[in-house]
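Engineer: Please work out how this folds:
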Amino acid sequence: MKKTLLCVACSLFALSACAGDLEVAPTSPLKVDLGSVVETGAVEPVDGITSAGQPDEAALKVFAESGYAAVIDLRTAGEERGLDEQAVVEGLGMEYVPLPIGRDGISFENAKALDDLIGRYDEPVLVHCGSANRVGALLALRSSLAGADDEAALEMGKEGGLTRLEPKVQKILEEN
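Structural biologist: Numbers count the residues shown, from 1 in each chain. Predicted coordinates for the structure are as follows:
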């Protein structure tokens with residue numbers, strides 16, 4: 001018994017000593033904090049997508065330098081962006097794609113439209129609205145369209161920024 005405990009203790013000690021040498025790959029969140037993107041000067045997509053709130057020119061520059069092909073803007077015409085987003089995006093060599101979706105536009109049809117747009121690009125895309133709430137809502141419905149169960153679809157939505165629209169998304173999922 002003592003010998004077995006000693007072997008277990010030695011094995012755990014050896015494993016813990018080796019653990020310090022392991023490099024753990026950093027996780028890359030689907031919804032990014034734009035301040036951190038600018039501070040680090042880097043961003044990594046998740047399955048070709050990054051979700052965010054309204055980016056400024058400095059953040060858009062990081063996306064362009066990171067190889068993003070397009071910026072899909074879900075904000076409606078009346079929403080203030082703080083810059084001429086289309087001009088900035090195109091000036092940085094990316095495609096600007098408006099897909100105006102208001103709170104009432106959360107639907108499977110619009111999730112499919114977003115999916116079709118994302119599918120046009122081999123390089124990563126940034127999808128944003130004001131806070132990423134609408135992005136997360138559409139990503140949840142997109143996930144459901146791809147076969148995810150309701151719980152997994154909602155989790156994808158939350159990873160993409162879904163917050164206040166969660167009850168609306170739950171209702172849509174339950175009805176279909």
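Engineer: how about the helices of this structure, start to end?
Structural biologist: Counting by DSSP state H, the chain has helices at residues 2-19, 34-40, 57-65, 85-91, 108-119, 133-145, 150-159, 166-175.
Engineer: In a markdown table, list these along with mean neighbour count and distance to R75.
Structural biologist: Yep, even glycine has a C-beta here, placed from its N, CA and C like the rest. Output for these, formatted as a markdown table (neighbours: other C-beta atoms under 10 Å; distance: least, C-beta to C-beta, whole Å):
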| stretch | mean neighbour count | distance to R75 |
| --- | --- | --- |
| helix 2-19 | 9 | 45 |
| helix 34-40 | 15 | 15 |
| helix 57-65 | 19 | 14 |
| helix 85-91 | 16 | 9 |
| helix 108-119 | 16 | 13 |
| helix 133-145 | 26 | 8 |
| helix 150-159 | 18 | 18 |
| helix 166-175 | 14 | 18 |
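Engineer: of the ones you listed, which approaches D73 most closely?
Structural biologist: Nearest to D73, of all these, is helix 85-91, at 6.3 Å by C-beta to C-beta.
Engineer: now for that closest one, which elements pack on it?
Structural biologist: helix 57-65, strand 70-73, strand 95-98 (3 or more C-beta pairs under 8 Å, 6 or more residues apart in numbering; DSSP states H and E).
Engineer: Dump these to CSV, plus mean pLDDT and distance to L173.
Structural biologist: Shown next, in CSV, are the helices and strands packed on helix 85-91 (pLDDT from 0 to 100; distance: least, C-beta to C-beta, whole Å):
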stretch, mean pLDDT, distance to L173
helix 57-65, 97, 30
strand 70-73, 98, 22
strand 95-98, 98, 26
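Engineer: mind putting the ones you listed in JSON lines, distance to R164 included?
Structural biologist: Formatted as JSON lines, the helices and strands packed on helix 85-91 follow (distance: least, C-beta to C-beta, whole Å):
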{"stretch": "helix 57-65", "distance to R164": "23"}
{"stretch": "strand 70-73", "distance to R164": "20"}
{"stretch": "strand 95-98", "distance to R164": "23"}
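Engineer: Out of these, which gets nearest to V125?
Structural biologist: That would be strand 70-73 among these, by C-beta to C-beta, at 4.6 Å.
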